[in-house]
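K.L.:
task: produce atomic coordinates for the following.
(one chain, ligands or ions: 1)
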Amino acid sequence: MDATLYTFPISNPGWSARLAFARKGVEPKLVQLRPGLHPAALWLRGYRRGTVPAAKLDGRRVEGSLEIVQELERLVPEPSLYPADPARRAAVEEAERWGEAVMQRLPRAIARYAIAHDHETRVWFMREHARMPLPALSATFSLPVSRLMAARANGSEEGARAALEQLPAALDRVDALLADGLLGDADGVNAAGAQIAPSVALAASLHDLRDITAGRPGVAWAEGLVSGIEPAPSSAAIVALRGA
Ligand SMILES: N[C@@H](CCC(=O)N[C@@H](CS)C(=O)NCC(=O)O)C(=O)O
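P.N.:
Predicted coordinates for the structure are as follows:
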C-alpha cells in the first residue's frame, strides 16, 4: 500500500501510528515535521486538525492516531490489531480509548508546561526537537508559541499539576494491562499497546519523573518498543511544580 506518515520524534501519538504500521508490516514514507511549525505545514498539505500524526493512506488523508489505526486495520486486516475473542477485544478497545483520551495527555501536558515555563528546557527543545539555529535566541522568541502549545495541551500550571497527580495511577493501570496480556502478545503490540507504549516512553524520557517511572514493567516494555524519544534533561519548571 502507498502510505505517508507526518509526525515528529517526540510525538507520542505519532509513535502510536508508527507502531501500528510496523505491526502491519507496512513501511510508510516518514515525514518528520518541525514541532511548533507543524500545524501550518499540515494545513498547507490539506490537513485541517493541525495535529500529528496525520497520514495519507492510498491517497486518502487520515488524521489522528485512532483514525489512522482504524484505517490501517481496514486496509490491511492481517495481522489484526485486535484479539479475536469478543470479551478480550472489548477490553483492548477500552484500553485503546483510555490510552488516547487519558494516558496520552499526561506526559504531553507536563512536557509542554516545562517547555513553556523554563527557558533552559525551551533551549533544549529548540536545539534537539525544533532543530532551530541559535537555540537560545529561538527559545526567547518562541515563548508565545510555546505558551500557546502548552495551553492547547492542558499544560497550564493547574493542568500540569493535575497530570502529575494522575500519572502514578495511570502507570499502575498500564502495568496491570500488561500483566493481563491486553497490550499485545509474543508477536507484537495490539491497538491498545500501540496507543499506550509511546506515552509511557514519553513520561519515562522526562528526567524529573524518574522516581515515578523507574522499575515499572510497563516502562521497560514501552522503552523496548519506542527508542527514538530523546531523554529530556532536568527542568526547573517540573522540579518547582513537584516541590510546590
Ligand atoms: N489525540 C490525538 C492527539 C494529536 C495531538 O495532539 N498531537 C500533538 C503532537 S503530540 C499536536 O500535533 N499538537 C498540535 C497542537 O497542539 O497544536 C491523536 O491521538 O492523534
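K.L.:
can you get me a residue count around V26?
P.N.:
16 (other Cβ atoms under 10 Å). Using the backbone N, CA and C atoms, a C-beta is placed for each residue, glycine as well.
K.L.:
contacting residues for it?
P.N.:
Contact analysis of V26 by Cβ atoms under 8 Å, 6 or more residues apart in numbering lists M1, A3, L72, V76.
K.L.:
and the closest residue to the second one other than its chain neighbours, how many neighbours does it have?
P.N.:
The shortest distance from A3 to any residue that is not its chain neighbour, by Cβ to Cβ, 6 or more residues apart in numbering, is 3.8 Å, and that residue is P28. When neighbours are defined as other Cβ under 10 Å, P28 has 23 of them.
K.L.:
surely P28 is in contact with L19?
P.N.:
No: contact criterion Cβ atoms under 8 Å: P28 and L19 do not qualify, at 11.9 Å.
K.L.:
which of the contacts of V26 lies closest to the ligand?
P.N.:
Checking those against the ligand by Cβ to the nearest ligand atom gives L72 as the nearest, at 13.5 Å.
K.L.:
got a list of contacts for the helix or strand hosting the closest one?
P.N.:
Using DSSP states H and E, L72 sits within helix 65-75. Residues external to helix 65-75 that are found in contact with it (Cβ under 8 Å, 6+ apart): 1, 5, 13-14, 16-17, 20-21, 24, 26, 53, 55, 57-58, 60, 62, 80-82, 96-97, 100, 104, 191, 194-195.
K.L.:
buried among the contacts of V26? Need that as a selection in ChimeraX.
P.N.:
Of the contacts of V26, the buried ones can be selected in ChimeraX as follows, counting by 16 or more other Cβ atoms under 10 Å:
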select :3,72,76
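K.L.:
same list (the contacts of V26) but as a markdown table, adding distance to A160 and pLDDT.
P.N.:
Below are the contacts of V26 laid out as a markdown table (distance: Cβ to Cβ, whole Å; pLDDT from 0 to 100):
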| residue | distance to A160 | pLDDT |
| --- | --- | --- |
| M1 | 39 | 88 |
| A3 | 35 | 98 |
| L72 | 32 | 98 |
| V76 | 38 | 97 |
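K.L.:
export stretch 83-101 to CSV, keeping only CA atoms.
P.N.:
Below are the C-alpha coordinates for stretch 83-101, written out as CSV (Å, rounded to 0.1, in the frame of the first residue of the first chain):
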residue,chain,number,x,y,z
PRO,A,83,-7.9,-10.1,19.6
ALA,A,84,-10.5,-12.5,18.0
ASP,A,85,-12.2,-13.3,21.4
PRO,A,86,-15.1,-10.7,21.8
ALA,A,87,-14.5,-10.1,25.6
ARG,A,88,-10.8,-9.5,25.1
ARG,A,89,-11.4,-7.4,22.1
ALA,A,90,-13.8,-5.2,24.1
ALA,A,91,-11.1,-4.9,26.8
VAL,A,92,-8.4,-4.0,24.3
GLU,A,93,-10.7,-1.4,22.7
GLU,A,94,-11.4,0.2,26.1
ALA,A,95,-7.7,0.3,26.9
GLU,A,96,-7.0,1.9,23.5
ARG,A,97,-9.6,4.6,24.1
TRP,A,98,-8.3,5.3,27.6
GLY,A,99,-4.7,5.4,26.1
GLU,A,100,-5.8,8.1,23.7
ALA,A,101,-8.2,10.1,26.0
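K.L.:
many thanks, have a good one.
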